[in-house]
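A.B. asks: task: produce atomic coordinates for the following.
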Amino acid sequence: MNEASRRVAKLLAGTNSAFVLHEKTTGLYLRANEVRCGKRFTPFSTFKIPNSLIGLETGAIADPDAVLPWDQKAYPPQDHWPEGWKRGHSLRTAFKASAVWWYQDLAKRIGPERMTRYLKRFGYGNESIRGGIDRFWLGSSLTISANEQVEFLNRFLDGKLGLSPETTATARDLFVYEKTPTYTLSAKTGGGPTGPGKALGWFVGYVETGGKVYVFALNTDGPSYAAIKDKRIELTKGALRAVGAIPEAP
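C.D. replies: This is a model prediction of the structure:
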């Protein structure tokens, strides 16, 4: 185990977490909690990455900046909804706000046949939409491992998903989470309850810095969504600092 691996292992010690990292230039892989890295979990909102790609590629999203009005009858507000969900959204704003209702509507517009075809093309987790077209990724039938999240993102970055250049360019712009003078972090969070007193959090994406690309996926357990909401990002950024993908915090 090299120093970076030891630092990541120490960071995740005492947590129920998995972390996978692939540095594409050298081909280096790092895995913390290797057994869990291969275990499949519900993707929650990290599925907004493939959902966006499929929507763009099929034309279900004709214009990434066009606003879809919020239909309150079809998607009545829930107690846990943030205020930012309770309005119309475009693809760009829905991805940033992680607006579940917007992506549920998108999945319906894509439809079961096209959704199934693209999940198989992407090799995305267990490829199952049996849980229903508007919620199969939300604690339902679709599951994916941290290893598979990284391989899916690798195929996206390598142009191996069969997507048009237009879809790829729009998506790469859409996925940017944080941009600094030294690195660009493209990523998506995901999380939600998995049982009484249990919640799962995800943070998946890639870092581009100094001519290198680091693809990563982290998942972690906690007693509630509130407990993992910030923790999933803090753990991931700590691991990325440990391997030199992003600089140490000032």
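A.B. asks: which stretches of this structure have low pLDDT?
C.D. replies: Low-confidence regions of the chain, defined by pLDDT under 70, span residues 1, 250.
A.B. asks: in contact with the residue positioned nearest the centre of it, which residues?
C.D. replies: Of all residues in the chain, the one closest to the mean position by CA atoms, centre = their mean is Thr46, 2.7 Å from it. Applying CB atoms under 8 Å, 6 or more residues apart in numbering, we find Thr46 in contact with Ile144, Gln149, Lys188, Thr189, Gly190, Trp202, Val204. C-beta: built from backbone N, CA, C; applies to glycine.
A.B. asks: and the residue lying closest to it once chain neighbours are set aside, bridged to which residues?
C.D. replies: Residue nearest to Thr46 in three dimensions, not counting chain neighbours: Gly190, with 3.7 Å by CB to CB, 6 or more residues apart in numbering. Counting by DSSP bridges, Gly190 forms beta bridges with Trp202.
A.B. asks: so what's the residue count around Gly190?
C.D. replies: Neighbour count of Gly190, defined by other CB atoms under 10 Å: 24.
A.B. asks: the chain should start at 707 in everything you say after this.
C.D. replies: New numbering, starting at 707: the last item is Gly896.
A.B. asks: that older thread, nearest to Asp936, of the contacts of Thr752?
C.D. replies: Using CB to CB, Thr895 comes nearest to Asp936 of the contacts of Thr752, at 10.0 Å.
A.B. asks: was I right about the closest one contacting Arg938?
C.D. replies: Yes: counting by CB atoms under 8 Å, Arg938 is a contact partner of Thr895 at 6.5 Å.
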